[in-house]
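Asks: Quick one: sequence and predicted model below, then my questions.
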Amino acid sequence: MRHRVRLIAATAAALALAATGCSGTGGGADDKTLTVWMMTGGPGDSPVIADATKAFHREHPDITVDIQVQQWDNIVTKLTTALASGNPPDVVEMGNTQTPIQSYAGALSDLSAARSTFDDSTHWLGGLAASGVRDGRTYAAPLYGGTKVVLYRTDMFAKAGIGAPPTTLDELVTDCAKLRRGRPGTFSGMYLPGKYWFAGMPVVFGKAGPVATRNAQGRWSSRMSSPDAVAGLRTWQRVQNACSTTASVGADTNSPDQDQVFADGKAAMAYVKAWEPATVLEKNPKLADKLGYFVMPGYRASRTLPVIVAGSTVGVAAASPHQDLAKAYVRALTSRHFQQELATKLNLLPVSSTFLPADAPEQLKVAAKAVRVSQPLPNAPGEATLETERYNEQFFAKIAGGADPATAAKEYDRHVTDTLNTVGTK
Amino acid sequence: MAVLTRQPERTRPPRTRVHRSRPRTLAIGMVAPAVVVLVAILGYPLGRLIVLALQEYGSRAVFTGDAPFVGLANITGVLGDGAFWAVLARTVLFAAVVVVALMLGGLGLSHLLSRVSGWARLATTVCLVLVWAMPMVAAALMWQWLFQPQYGVVNWMVSQLHVFGDQTASDWLAHPTSGMVLIMLLVVWKGLPFVAMTLYAAQSQIPAELYEAAGLDGATGLAAFRTITAPLLRPVLTVVALLEIIWSVNSFTPIWVLTQGGPNGQTTTLGVYSFLTAFARTDYGVGAAIALLTVLLLAAVAAAYVRRLTRQGELA
């Protein structure tokens, strides 16, 4: 019995450690260290971050920069706990949908005065920069855009007799059928895991525009059950079922890893972030000259499907004792030079369209084209709650799994309206 | 030193008082460290929980510290919410199924252990201890892989039976019922070793003469179990059942790793509900209220149990 108790205590302690982010100590208590929390998959995870640190060191040579890479899982909880502690990280990277909850709580410093000193901050990507703004004040700067494009196998298209990428969703469904003909059931024309709500939501946006809107009194209402949105959900069901495997209905993009699925030749298309093709090539270098990119087609050939503006932002902890140093580091991260490094080395979309270098990789140019038609997610603290609950993920998987869109959408509206209006009101 | 100087005055009354009170001081002194530790690690968090449950404590309060007291509003709010009752009913069902399965499985295993030969007992014990020693997170991840669509071994095996059709694409965790069943299976599998070993230990204390005597009277098998094993094991059974009720109601890790309480909150039990309310909805006050209600509920169950035990004179 005692052993079990001890095991439980150990597990609880481990959980508590994980939850409070004690795995890496927070900020530097001394004046010589600047602690920077960056997310996995972004610049902090790559040698390129040394460039930002080098630029920062030109002004502050005697400060040590301690980069600590964090995992996305449960990051909102971890960030809140870390930022509220007496010894927070000085600079933090956040997902754009996770930014409003932090600025609402008062976890982030006001960067409004410093904003004009950041390179070309007047041209920041609208949807991405908006997540860092609250009541007209800037609390976070955009770090990079994570817009998605379609990655496809040119050789498979040629073999199936498809001359050009599809220009409408109907064409996409037809092409999927052509690509899957004569292949096993484990092959996807386009690999679309059911939980991939970043792929499902645009299909709804393309038909119905914004799903959650806010009235003059600041009250949110979710309209997933409007006829247009339900029609959009039906289209998602049809596209997902026609293009992707049955096994993918309940899957997300990580498990199994969609880049692995594509690299294994189990799909002719995938909806990917601009840095994913590099991962695919790492897993299967033979595909080097067989990859092409296009913008996800919409309902009509004249208008591509709106992309969800996504990406990361970066802010300064309100409780950090190194406000000026932290702002200087944010300045380095958002500088034209570093942003161009991110574009060419990591295929991340720069935060200002004027930063895109002429020699940017093709998928990034396609991504820059894709953001011309875009739709932001609700800029509300409750959006982060929906993410922690994995609500959208489960909803789109449910639709892909054959649930009746009209019925499911009513339940969705009840939950989302309630969440957007209650979280961040006290 | 003080004792030495007092020694010559041995016959005077005050000294007797000193003598009489010394054992009590000693007892208090010896118990005190444990009490201090208990108060620190159990009392303080519980006190904080109670205070938090009475406050309006949102994400902003974390940074401003400005959290007004709202009396019982959080608790009445939770009690007036239909979602809470649905979660409570699910938790009770979950705990009932898990505890019954654990007790029956544990009894069966302990019975098996007391009957088999030495090496078989050793092998079984080693297996049990290995299951026991595995961290819950690792076990839950293993479970996830076993039942993964397309790549899961169980999906493949079920399909190979050619009875249920092609199940390779089945996503068990995406459906509330099958998801809940998988979580229960995991909790029972992980919990069995403790129950089995404890019951086996208790069972091995029952004198063999009792069974011999009963055998002479013609009571074997089920009759011997009913008249000898069950009554003698009852105190242990009751305590183990009580612990398992508490553990299964508070079960968090397997649910969080496997389903995060989804789909649609349909595998959410009290522990997960409290966590989600506090940390996903950043409503720490209401999250604390849910946790406090859980504590009260478990305390009530435990109190009822212990009272029954003491009345039967089995624990005293």
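Replies: Cool, got the structure. Not measured: the values here are computed from a predicted model. Numbering: from 1, shown residues only, chains lettered A, B, ... in the order given.

Asks: Poorly predicted segments of the stretch 201-316 of chain B, please.
Replies: Low-confidence segments of the stretch 201-316 of chain B, defined by pLDDT under 70: B:313-316.

Asks: In chain B, which residue sits closest to chain A?
Replies: Closest residue of chain B to chain A, Cβ to the nearest Cβ: residue B:171 (2.9 Å). C-beta: built from backbone N, CA, C; applies to glycine.

Asks: surely that residue meets residue A:250?
Replies: Yes - counting by Cβ atoms under 8 Å, residue B:171 touches residue A:250, with 2.9 Å between them.

Asks: Common neighbours of the two, please.
Replies: When contacts are counted by Cβ atoms under 8 Å, 6 or more residues apart in numbering or on different chains, residue B:171 and residue A:250 are jointly contacted by A:401, B:149.

Asks: Spell out which residues of the stretch 51-200 of chain B are next to chain A.
Replies: B:56, B:58-64, B:132-133, B:135-137, B:144, B:148-151, B:168-169, B:171, B:173-174, B:194, B:198 (Cβ under 8 Å from any Cβ of the partner chain).

Asks: got the contact list for residue B:57?
Replies: Contacts for residue B:57 (Cβ under 8 Å, 6+ apart) come out as B:67, B:283-285, B:288.

Asks: And these, which is closest to residue A:274?
Replies: residue B:283 (36.8 Å; Cβ to Cβ).

Asks: on that earlier part again, among the residues of the stretch 51-200 of chain B next to chain A, which lie within helices?
Replies: B:59-64, B:132-133, B:136-137, B:144, B:194, B:198 (DSSP state H).

Asks: Show me which pair in the residues you listed is furthest apart.
Replies: B:64 and B:198 (48.8 Å).

Asks: Against which helices or strands is the biggest helix by length in chain B packed?
Replies: Taking DSSP H as the criterion, chain B has its longest helix at helix B:82-115. Applying 3 or more Cβ pairs under 8 Å, 6 or more residues apart in numbering or on different chains; DSSP states H and E, we find helix B:82-115 packed against helix B:118-133, helix B:176-203, helix B:230-249, helix B:270-275.

Asks: can I get the ones you listed in CSV with mean neighbour count?
Replies: Listed next are those as CSV, based on neighbours: other Cβ atoms under 10 Å in any protein chain shown:
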stretch, mean neighbour count
helix B:118-133, 13
helix B:176-203, 20
helix B:230-249, 18
helix B:270-275, 23
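
Asks: With distance to residue A:185 added, can I get those in CSV?
Replies: Putting those into CSV (distance: least, Cβ to Cβ, whole Å) gives the following:
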stretch, distance to residue A:185
helix B:118-133, 36
helix B:176-203, 22
helix B:230-249, 39
helix B:270-275, 35
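
Asks: mind checking which of the ones you listed is nearest residue B:39?
Replies: Nearest to residue B:39, of all the helices and strands packed on helix B:82-115, is helix B:230-249, at 20.3 Å by Cβ to Cβ.

Asks: what's the closest one in contact with?
Replies: A:1, A:8, B:91, B:94-95, B:98-99, B:102-103, B:106, B:187, B:191, B:194-195, B:198-199, B:202-203, B:206, B:269-271, B:294, B:297-298, B:301-302, B:305-306, B:308-309, B:314-315.

Asks: quick one: residue B:56 and residue B:71 touch, right?
Replies: No - Residue B:56 is beyond contact range of residue B:71, at 10.2 Å (criterion: Cβ under 8 Å).

Asks: ok, these two, which is more surrounded?
Replies: Neighbour count, other Cβ atoms under 10 Å in any protein chain shown: between residue B:56 and residue B:71, residue B:56 has more, with 17 against 9.

Asks: how far away is the more buried one from residue B:72?
Replies: 12 Å (Cβ to Cβ, to the nearest Å).

Asks: next one: residue A:264
Replies: From residue A:264 to residue B:72 the distance is 58 Å (Cβ to Cβ).

Asks: Among the two, which residue is more densely surrounded?
Replies: residue A:264 (14 against 11).

Asks: who touches residue A:378 in this structure?
Replies: By Cβ under 8 Å, 6+ apart, the neighbours of residue A:378 are A:210, A:212, A:214, A:220, A:420.

Asks: For the stretch 1-150 of chain A, which segments are assigned as strands?
Replies: A:33-39, A:64-70, A:91-95, A:133-134, A:137-138, A:140-145, A:148-153 (DSSP state E, counting those that start in this stretch).

Asks: hey, which of the ones you listed is tucked in deepest?
Replies: Of those, the one with the most neighbours on average (mean count of other Cβ atoms under 10 Å in any protein chain shown) is strand A:140-145, at a mean of 28.

Asks: Can I get that strand in CSV? Just the C-alpha atoms.
Replies: Extracted in CSV, the C-alpha atoms of strand A:140-145 (Å, rounded to 0.1, in the frame of the first residue of the first chain):
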residue,chain,number,x,y,z
ALA,A,140,2.6,41.2,-28.1
ALA,A,141,4.4,41.4,-31.4
PRO,A,142,3.9,38.9,-34.2
LEU,A,143,6.8,36.4,-34.5
TYR,A,144,6.0,34.4,-37.6
GLY,A,145,3.0,33.4,-39.7
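
Asks: close to chain B, is that strand?
Replies: No - Strand A:140-145 does not reach chain B (Cβ under 8 Å from any Cβ); its nearest approach is 15.4 Å.

Asks: That strand - contacts with which helices or strands?
Replies: helix A:99-105, helix A:126-130, strand A:311-316, helix A:323-333, helix A:336-346.

Asks: Quick check: residue A:293 touching residue A:361?
Replies: No - using Cβ under 8 Å, residue A:293 makes no contact with residue A:361, being 9.2 Å away.

Asks: Do I have it right that residue A:88 meets residue A:320?
Replies: Yes - assessed by Cβ under 8 Å, residue A:88 is found in contact with residue A:320 at 6.0 Å.

Asks: just to revisit the earlier point, quick one, which of the strands of the stretch 1-150 of chain A gets closest to residue B:260.
Replies: Proximity to residue B:260 (Cβ to Cβ) singles out strand A:91-95 among the strands of the stretch 1-150 of chain A, at 17.3 Å.

Asks: which residues touch the closest one?
Replies: Contacts for strand A:91-95 (Cβ under 8 Å, 6+ apart): A:34-39, A:42, A:44, A:70, A:72, A:75, A:79, A:82-83, A:102, A:140, A:143, A:310-317, A:320, A:326, A:329-330, A:333, A:387.

Asks: Which neighbours in the sheet does that strand have, and how are they oriented?
Replies: strand A:33-39 (parallel), strand A:311-316 (antiparallel) (DSSP bridges).

Asks: For residue A:405, which of the ones you listed is the nearest?
Replies: Of the strands paired with strand A:91-95, nearest to residue A:405 by Cβ to Cβ is strand A:311-316, at 28.9 Å.

Asks: ok and the closest one relative to helix A:323-333, angle-wise?
Replies: 150 degrees (axes from the mean of the first three to the mean of the last three Cα atoms, to 10 degrees).

Asks: tell me the mean pLDDT over strand A:311-316?
Replies: If you average the pLDDT over strand A:311-316, you get 93.

Asks: Restrict that strand to CA atoms and write it as CSV.
Replies: Extracted in CSV, the C-alpha atoms of strand A:311-316 (Å, rounded to 0.1, in the frame of the first residue of the first chain):
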residue,chain,number,x,y,z
GLY,A,311,1.3,31.8,-36.1
SER,A,312,3.2,32.9,-33.1
THR,A,313,3.5,36.1,-31.1
VAL,A,314,6.1,37.2,-28.7
GLY,A,315,5.6,39.3,-25.6
VAL,A,316,7.3,40.5,-22.5
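
Asks: Please compute how far it lies from its chain's middle.
Replies: Relative to the centre of its chain, strand A:311-316 is centred 12 Å away, using Cα atoms, centre = their mean, to the nearest Å.
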